[in-house]
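J.: A structural model of the following input is requested.
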Amino acid sequence: MIKNDERAIDALRHINYYRLSGYMLPFKQSKENVYDEGTSLERILRIYDFDHRLRNLLLSLLEHIEISARTSIAYHLAHKHGPLCYENHKLFINLDRHQKLLEAIEKSIKDARAGHEPFIIHHDNRYDGKLPIWSLVEVLSFGTLSKLYANLANEDKKIISKTYFGIPPLYFESWLRNLSYIRNICAHHSRIYHHPLTHQPKLYADDKMYNGIFASILIAGVLCPRDRDWVAFRGGLESLVEEYEDSIDLNHIKFPPDWKDVLYGTISKRRQSAAESRKEHRKSSRSSPL
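T.: Below you'll find the model as predicted:
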């Protein structure tokens, strides 16, 4: 149903029909091009706008996590193994994956060089193009960074995940992979609303009832490094859902009925537990004999 022809024409001038048609799927019946009675283009457009704004909220939150992960991984590896540690295959579990990592690194550096990144030019001029790990992580994609971490020796994985995030390495590895996947969906303007997500994160036993984008929001809430950034996202998400609650279906984004309690209660408890774990791990690391 189209209530306003002019708005419909204007929308289709700016939004490809096949992109918009993905948001029509929840209302589509078994017969081709037959939709539930009362389905309006205006509602479809509101769902489209909601999805767009949700992606932007997520990108902002994921940026903080991605930068923190880059910094923490680089800091640990540089101090323990030296500036060119990523070239040392002995620090990695799987040699084939390490070789693929080196190929991805070479491509990332080449792309950054083509973009005339100043720090790339600096290292080309002074260090024969050899990037120390703390510079290298700035040109790697989130996905490549997650693969680098996943292939590290278990001892290094544990130190990074426990010291900087208060999370066991098995979970941290899964969470990085999931969030890099979500980040790519958002960055490429792909649909989140009513769209199955293929890479689900490994969750703690008490959280296994959550799935879809809500599971990703839960783990992002735990990993977000600063309270103020998490509070800003949480408030923005609550306002966004309330603004569009007349058009969206929370089941289509896998939000449970108690989603606000999870945002304000469960995730706060998980954040506090992670903070205590970081503190305890750093304390035990300082007191351990050399």
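
J.: which helix of this protein spans the most residues?
T.: helix 41-81 (DSSP state H).

J.: other SSEs contacting it?
T.: Applying 3 or more Cβ pairs under 8 Å, 6 or more residues apart in numbering; DSSP states H and E, we find helix 41-81 packed against helix 5-14, helix 17-21, helix 133-136, helix 142-150, helix 154-164, helix 169-187, helix 212-223, helix 227-244. Just so you know, the C-beta spots here come from the backbone N, C-alpha and C atoms, and that holds for glycine as well.

J.: Let me have those helices in a markdown table, adding mean neighbour count and distance to Asp51 as columns.
T.: Formatted as a markdown table, those follow (neighbours: other Cβ atoms under 10 Å; distance: least, Cβ to Cβ, whole Å):
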| stretch | mean neighbour count | distance to Asp51 |
| --- | --- | --- |
| helix 5-14 | 11 | 14 |
| helix 17-21 | 11 | 10 |
| helix 133-136 | 20 | 34 |
| helix 142-150 | 20 | 21 |
| helix 154-164 | 18 | 32 |
| helix 169-187 | 21 | 10 |
| helix 212-223 | 23 | 10 |
| helix 227-244 | 15 | 10 |
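
J.: Indicate which one of those helices is closest to Ala78.
T.: Among the helices and strands packed on helix 41-81, helix 133-136 comes nearest to Ala78, with 5.0 Å by Cβ to Cβ.

J.: Can you classify Leu140 by secondary structure?
T.: Reduced to three states with DSSP: H, G, I helix; E, B strand; the rest coil, the structure at Leu140 is coil.

J.: start the count at 702, not 1, going forward
T.: Taking 702 as the first residue, the last one we looked at is Leu841.

J.: And it, how close does it get to Ile886?
T.: Going from Leu841 to Ile886 by Cβ to Cβ, to the nearest Å gives 19 Å.

J.: Point out where the stretch 702-851 of the chain drops to low pLDDT.
T.: For the stretch 702-851 of the chain, applying pLDDT under 70 flags the ranges 702-714, 731-733, 736, 739, 828, 830.

J.: Pick out the residue closest to the middle of this structure.
T.: Geometric centre of the chain, nearest residue: Leu880, 2.6 Å, by Cα atoms, centre = their mean.

J.: quick one on the thing from earlier: can you check which of the helices and strands packed on helix 742-782 gets nearest to Arg754?
T.: Of the helices and strands packed on helix 742-782, nearest to Arg754 by Cβ to Cβ is helix 928-945, at 5.7 Å.
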